[in-house]
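Peer 1: Quick one, structure for this:
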Amino acid sequence: MASLNKVFLVGNLTRDPERSYTPKGMALTKFGMAVNHVYTTEAGEKREEANFFDIVVWGKQAEAAAQYLSKGRPVLIEGRLKYDSWQNDKGEKRSKVSVVAERVQFLGSAQRGGQEFREGGAPERAERPPAEAPAEDAAPEPPAAGKEKDDIPF
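Peer 2: Residues are numbered from 1 along each chain as shown. Predicted coordinates:
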């Protein structure tokens, strides 16, 4: 049976990113995002509703997101949904769905155009193909032996 878990969201940050690190040193950044939905009722009245999402970014993209994003900043997120469930200290069952970002693209900066931040952590133009963020529970892969950056004379 085939399955697909893919989400695209465009909206604004509802709070500043919070960066932390796993015990193995992998960067993790969390922030909230609001996505507005505008629709017209049967009576012809325009309405707008906000949907709020918790976003989790891993690795080098987490570093870039923590450095360059801030509350109110528009952003495009491509990722997957993740369901977590737990019991609180009172024994009550809790659950939450969050978005694990695989690609983060910054939008609408007054000082520079939309930029996409990928594995290297440096801004790149958005037309390049995206690199995927490491899976949440995966350790970062070491660079392959013998692969070195080409020297470009310009």
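
Peer 1: Mean pLDDT per helix and strand in this protein: which one sits at the bottom?
Peer 2: Within the chain, no helix or strand scores below strand 123-124, which has a mean of 45 by mean pLDDT, DSSP states H and E.

Peer 1: now the strands for this protein?
Peer 2: Secondary structure of the chain (DSSP state E): strands at 7-13, 18-21, 27-40, 46-58, 74-87, 93-106, 115-117, 123-124.

Peer 1: got the contact list for the residue most central in space within the chain?
Peer 2: When C-alpha atoms, centre = their mean is applied to the chain, the residue found nearest the centroid is residue 101 (3.4 Å). With contact taken as C-beta atoms under 8 Å, 6 or more residues apart in numbering, residue 101 is in contact with 55, 56, 57, 58, 61, 65, 77, 78, 79, 133. C-beta: built from backbone N, CA, C; applies to glycine.

Peer 1: what's the answer for residue 49, then?
Peer 2: 36, 37, 39.

Peer 1: at 7 Å instead, please
Peer 2: Counting by C-beta atoms under 7 Å, 6 or more residues apart in numbering, residue 49 touches residue 37.

Peer 1: Sweet, I'm off.
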